[in-house]
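J.: sequence and predicted structure are below.
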Amino acid sequence: MLKYEQIQFARANALAGYKAKKLDDIAAAATIVTHIRHEINLHIDECKKFGLDQEAMEQYEESQACTAYSRYVLDIGQSEDWLALQISLLPCLLGYADIARRLHGLQSSLETTNPYATWINNYVAEDYTAAVTRGCEALVEKHIAKQSPSRIEELVAIFVHATKMECGFWDMAAKA
């Protein structure tokens, strides 16, 4: 269930706050956790439209794809530094934004009869797209540009693996 992923990603962002060295980065992590809580509420409201309430959602077991993906991110967070954790979180952040943007560009996605229209609109909303932009700019400008070539290779490997895990998560959802 999607809420499991969001709960684990809230935990990962809380861990990022703990690992952060600057107060602004700690505050940013707290803001992200608060936004994830809001996002979970949006998903709960959306699921209610399909007859699935929060109590029913809590009955579902976490999928293997979700467990593998979220625990990979948490493992990076526990075994690596703050920057590596941020990189492991990027595929999720970028993936939702990119998929929603692409779907939003399709006329059929905008129709009120589309059962996913609300979901799409939530992820093209200004608050989410601004968060994606701020997060990416901060990572690149403040942190990535200062890394050595070998460190960038390590971070790329983390990003590639996390992206594969994100794809596996979406594949699981599509097959459900």
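T.: That came through, no problem. Numbering: from 1, shown residues only.

J.: drop to CA atoms for contacts and neighbour counts, all remaining ones
T.: Fine.

J.: quick one: least confident helix or strand in the chain?
T.: Least confident helix or strand of the chain, by mean pLDDT, DSSP states H and E, is helix 107-110 with a mean of 71.

J.: D75: neighbouring residues, count only.
T.: Applying other C-alpha atoms under 10 Å, we find 14 other residues in the vicinity of D75.

J.: okay, it: pLDDT?
T.: Per-residue confidence at D75 stands at 98 (pLDDT).

J.: make 198 the first number, not 1, from now on.
T.: In the new count, where the first residue is 198, that last one comes out as D272.

J.: report the distance from the helix or strand it falls within to the chain centre.
T.: Using DSSP states H and E, D272 maps to helix 261-276. Computed by C-alpha atoms, centre = their mean, to the nearest Å, the separation of helix 261-276 from the middle of its chain amounts to 12 Å.

J.: who's in contact with that helix?
T.: Under the criterion C-alpha atoms under 8 Å, 6 or more residues apart in numbering, residues 201-202, 205-206, 208-209, 212-213, 281-282, 285-286, 359, 362-363, 365-366, 369 lie in contact with helix 261-276.

J.: picking that back up, ok, then the element right after the least confident helix or strand of the chain?
T.: Next along the chain after helix 304-307, taking DSSP H and E as the criterion, comes helix 314-321.

J.: quick one on the thing from earlier: going through the contacts of helix 261-276, which ones are buried?
T.: Neighbour-count burial (16 or more other C-alpha atoms under 10 Å) is assigned, among those, to 201-202, 205-206, 208-209, 212-213, 281-282, 285-286, 359, 362-363, 365-366.

J.: now the most centrally placed residue in the chain: how far from I237?
T.: Centroid-nearest residue in the chain, with C-alpha atoms, centre = their mean: C289, separated by 3.6 Å. Between C289 and I237 the distance is 15 Å, computed by C-alpha to C-alpha, to the nearest Å.

J.: ok, S347 - how many residues close by?
T.: Applying other C-alpha under 10 Å, I find that S347 has 9 neighbouring residues.

J.: ok, G292 to C364 distance?
T.: As judged by C-alpha to C-alpha, G292 and C364 stand 9 Å apart.

J.: what's the answer for L290, then?
T.: 13 Å.

J.: which element is the residue nearest to the centre of the chain on?
T.: If you go by DSSP H and E, C289 is part of helix 279-301.

J.: thank you, goodbye.
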